[in-house]
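Chemist: attaching a predicted model along with its sequence, questions to come.
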Amino acid sequence: MPPERHEGQGAGELPVPMAWMYAEYLADELLRTGDLMEPATLEFRAGRDALALTIFLLDGSVAGALPAARVDELRLLTASGTPWRRWVRTRLAAPVAGGTGADLALARSAWRWLEETELLAADLEAIGQLPPWEPDGGAEEEARVWTPAWQLGLPLGHLAVHLY
């Protein structure tokens, strides 16, 4: 049963973060539709959080299905080489239209997780660095590095949007 009154809120207003929950739902659907990663993995979570954060911060809410213009915006924002990280920090510092304090708290929590969590991933910079005369014989494991979750999640989110 919902509480009758919350301090600092109007009568009947519940602190339900609908804008964030909807952004997270859309991100989850995009990733599942693309079938890029198992949903139980941390990589999937990184992609979902990065994409949900991008969707949420566009304007704080998303109405209906993703229109073509919104898909194009998401592609541009999540593309490689864009200043996405700076964009997120700037948008999180400003009030988000259509979002409540509860929405913003969840968005900030997702951002903290994306920035502070590191995942072990293939070292993309090491690929192709072996001299052509060196056998790549499988005896050595592929180079792996600890990478911030947002650096894995953002390309995954971009690919999911591209496949949409």
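Modeler: Thanks, I have the structure now. Numbers count the residues shown, from 1 in each chain.

Chemist: so where is the protein shaky, pLDDT-wise?
Modeler: For the chain, the stretches flagged by pLDDT under 70 are 1-14, 59-65, 95-98, 124-141.

Chemist: repeat that for 50
Modeler: Confidence mapping of the chain against pLDDT under 50 gives the ranges 1-8, 137-139.

Chemist: strands of that one, start to end?
Modeler: Using DSSP state E, the strands of the chain run over residues 118-122, 144-148.

Chemist: mind listing what the nearest residue to R75 once chain neighbours are set aside touches?
Modeler: Distances taken as Cβ to Cβ, 6 or more residues apart in numbering put V161 closest to R75, at 5.4 Å, once the chain neighbours are dropped. Heads up, the C-betas are built off the backbone N, CA and C, glycines and all. Taking Cβ atoms under 8 Å, 6 or more residues apart in numbering, we find V161 in contact with L30, L51, V71, L74, R75, T78.

Chemist: among the strands of the chain, which comes closest to P15?
Modeler: Between P15 and the strands of the chain, the tightest spacing by Cβ to Cβ is seen for strand 144-148, at 29.9 Å.

Chemist: now for that closest one, which elements pack on it?
Modeler: If you count contacts as 3 or more Cβ pairs under 8 Å, 6 or more residues apart in numbering; DSSP states H and E, strand 144-148 packs onto strand 118-122.

Chemist: what pairs with the strand it packs on, and is each one parallel or antiparallel?
Modeler: Sheet partners assigned to strand 118-122 using DSSP bridges are listed as strand 144-148 (antiparallel).
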